[in-house]
Structures are given as structure tokens and as C-alpha cells.
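Q: Whatever this is, show me its structure:
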Amino acid sequence: MCVIVSYNCMLLLYWQEWNMALNSLKSKVKYRISRNAGVVFVPADFSDLSDRDQVGRALRELVREEVLIKFGRGLYAKARRSSLSNKLVPVKPLPELAREALTQKLGVEVVSSKEQTSYNSRRSTQVPTGRLIAVKGRVSRKMAYDGKSIKYQYVS
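A: Next up is the predicted model:
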């Protein structure tokens, strides 16, 4: 009986520590980011935690703490320190972040660009940079980080 009681007390103690660790909105957002396999986040991902203004403040604090990088209006990505330059960089390259943001978060269909198609079919030897993304539909969101930006090619 004594072992069970102490075991239950330990569980209660761990639960209280875990619950206290997630008492602020910023800590809840940070925990959800760490548990998510995705790299790109929008404020709507956290709308169930609080209203948009408070979520925006929490995301700004996480950008200041260098947990996230802002690479567009309402677009955030996980960040890490570069082992080479010690600068803050996204965990994936900007073209991959843009594709993930467009397809999963903004609902835009992304297709292969003319340059990518001609390179893949060996009609061209010029390697595409990946910063030109072909989309079906209109996209007005600018995506950029560290002086590098994404351009869109509209296809039908």
C-alpha cells in the first residue's frame, strides 16, 4: 500500500511539474512547435490556444528567442544555429519552406516550372535555383529570408 501511495504521489508531482511548465501561452506554443513534424507554421495553427493578437505576441517572442524565423507575412519556420557561420538559419532551405507553406498552409497547387522541366528532360544544362516556384492560381504573399526571395511563375 505504501509503495502505491508513493508511486501515485510521484505521478502527481510529475503531472504538476509538466502542467506548470505549460502554463503560459508562449510555452504552449513552443511545446506544440517542438512536437510537430512540420517546419512551417502560421498563427492559425495555434488559434485554439488563444486569440490572434496573443498568438502573434507569443510568436514574436519566439522569434526574439531564436526558436523561429519569420520568412513572410504570417509565416514562421523552425530555426537553428548554423555550425559554419553561427548565424540563425531555417532548418530547411527557403525553396522547401516556400513549397511547404504554399501547399500545406495556404492551399496553393505547386507544379514544376518550365526551367525545372527543361532541366529534368535534359534540354538545358542550367541548374534551376529552386527560388522560382510555378503555381496554379494567384499568390500575393512575399516569402524571403536573409536577402533571398521566392519568385512565382503562374501556369494554367
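
Q: hey, let's count contacts and neighbours off CA atoms from now on
A: Fine.

Q: Low-confidence stretches in this structure?
A: Low-confidence segments of the chain (pLDDT under 70): 1-22.

Q: Outline the domain layout of the protein.
A: 23-91, 93-156 (automatic domain parsing).

Q: Straight-line length of the last one, end to end?
A: Across its full length, domain 93-156 reaches 27 Å between end residues, using CA to CA, to the nearest Å.

Q: re the thing from before, turn the domains of the chain into CSV, including mean neighbour count.
A: Shown next, in CSV, are the domains of the chain (neighbours: other CA atoms under 10 Å):
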stretch, mean neighbour count
domain 23-91, 16
domain 93-156, 15
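
Q: which residue sits closest to the residue nearest to the spatial centre of the chain in space, ignoring its chain neighbours?
A: Closest residue to the average C-alpha location of the chain: Val40 at 1.9 Å, with CA atoms, centre = their mean. Closest residue to Val40 apart from its sequence neighbours, by CA to CA, 6 or more residues apart in numbering: Ala77 at 4.5 Å.

Q: Which strand residues bridge that neighbour?
A: In this structure, Ala77 bridges to Val40, Ile69 when assessed by DSSP bridges.

Q: these two touch, right, it and Pro90?
A: Yes. Taking contacts as CA atoms under 8 Å, Ala77 lies within contact range of Pro90: 6.4 Å.

Q: Give the residues shared as contacts by the two.
A: Leu68, Ile69 (CA atoms under 8 Å, 6 or more residues apart in numbering).
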